[in-house]
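# Need coordinates for the below:
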Amino acid sequence: MKNNKLNKNLGDEPVKLEFKDVIAMIIAAFEVLFPIALVFAGIMGLAFFILLKFWIKE
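Numbers count the residues shown, from 1 in each chain. Model (predicted):
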């Protein structure tokens, strides 16, 4: 709590997010989540392939 008071006394302004900052955060989240989504889609595709090829036979 003392740090907050010291920061306000020094005249620090609150951080303002600009458009470029928001875009950078969206890109960073995309870089983290996209490979996870690809791995999940690959696993699901493999599972469907195995089910259709070997388990469900016509």
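# what's the single longest helix in this structure?
With secondary structure taken from DSSP state H, the chain has its longest helix at helix 19-50.
# Tell me how far that one lies from the chain's centre.
Helix 19-50 has its C-alpha centroid displaced from the chain centroid by 8 Å (CA atoms, centre = their mean, to the nearest Å).
# Report the mean confidence score over that helix.
If you average the pLDDT over helix 19-50, you get 96.
# what's it packed up against?
Applying 3 or more CB pairs under 8 Å, 6 or more residues apart in numbering; DSSP states H and E, one finds that helix 19-50 contacts no other helix or strand. For every residue, glycine as well, the C-beta is placed using N, CA and C.
# I'd like to know how many residues surround Phe48.
Counted with other CB atoms under 10 Å, the neighbours of Phe48 add up to 10.
# With Ala29 as the reference, measure out to it.
Taking CB to CB, to the nearest Å as the measure, Phe48 and Ala29 are separated by 28 Å.
# Tell me the buried residues in the longest helix of the chain?
With burial defined by 16 or more other CB atoms under 10 Å, not one residue of helix 19-50 is counted as buried.
# quick one: Phe30 and Gly42, what's the gap?
18 Å.
# Equivalent analysis for Ile23, please.
For Ile23, the distance to Gly42 under the criterion CB to CB works out to 28 Å.
# Nearest the geometric middle of the chain, what residue?
The centroid of the chain falls nearest to Ala29 when counting by CA atoms, centre = their mean (3.3 Å).
# And what about Glu13, helix, strand or coil?
Assigned state for Glu13: coil (three-state reduction, DSSP: H, G, I helix; E, B strand; the rest coil).
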